[in-house]
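Trainee: Could you work out the structure for the sequence below:
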Amino acid sequence: MSKKTLCVIALAAFACSDPSGPPTTVPTGQLHFVLQDVTAPALLNDSASFYAKVGEDRRVEMFYQGMNPGDTGEAFLRFEVHAASLLKHPDGSAFVPGDSILITVKAGDPSKFDFTFSPTGLQFNPADPARLHIEYNHSNHDFNEDGHEDSADSVAENKLSVWRNEPPDTLWTNIGSVKIEEFDEIEAAILSFSHYAVAW
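Mentor: Sure, this is the predicted structure:
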């Protein structure tokens, strides 16, 4: 089965998932953050910006460095805003046709899969939310950090999800996600801007 087919299946599963259960919320100290492996390439840039516009599909991507400094390497993050995704400006006013807004994604702690999004207060359409895609193939796959990779790490990987935090609050909320473990990919629907991380 191709990667594209698997992605379609995963997205269908995401769209059909049951949102009725309460979100899981835990303090920072109880969350296990996914770490970058010590052999992972450095990020090409620690932030990226683009203009999202009503009526157009747009996206921004972040990459690891390639073999030579300044070269683009493997994908790290992709953030997509669809034509109908923009809902409300940070001041609460509704987007109208032709409106656009500058969006910035910034990597937080470089040792983790940790990101902040701005402008704070931007809201997306629940019927067609923005999409965050993260490639974690360069993560430390000793997910429970016990010094070796084994079946316990596979159990931990099954629990990986995207979590949201509203600084300065120390609580994190599991927003749900789709994982394609064969390709070390995780995807989540984003409804508003905040601080996000991959964890379990």
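Trainee: could you pull out the helices for the protein?
Mentor: Here the chain has its helices, by DSSP state H, at 3-15, 151-158.
Trainee: I'd guessed Glu56 sits against Ser85; true?
Mentor: No. Judged on C-beta atoms under 8 Å, Glu56 makes no contact with Ser85 at a distance of 10.1 Å. Where C-beta positions appear, they are placed from N, C-alpha and C, glycine not excepted.
Trainee: More neighbours: those two, which one.
Mentor: Here Glu56 and Ser85 are compared on neighbour count by other C-beta atoms under 10 Å; more neighbours surround Ser85, at 24 against 12.
Trainee: thinking Phe76 is in contact with Tyr136, fair?
Mentor: No. Counting by C-beta under 8 Å, no contact exists between Phe76 and Tyr136, whose distance comes to 9.1 Å.
Trainee: residues in contact with the residue nearest the centre of the chain?
Mentor: When C-alpha atoms, centre = their mean is applied to the chain, the residue found nearest the centroid is Leu132 (4.2 Å). With contacts taken as C-beta atoms under 8 Å, 6 or more residues apart in numbering, Leu132 has the following neighbours: Leu77, Arg78, Phe79, Val162, Glu187, Ala188, Ala189, Ile190, Tyr196.
Trainee: If any of those residues are buried, give me the PyMOL selection for them.
Mentor: Under the burial definition 16 or more other C-beta atoms under 10 Å, those of the contacts of Leu132 that qualify are selected in PyMOL by:
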select buried, resi 77+78+79+162+187+188+189+190+196
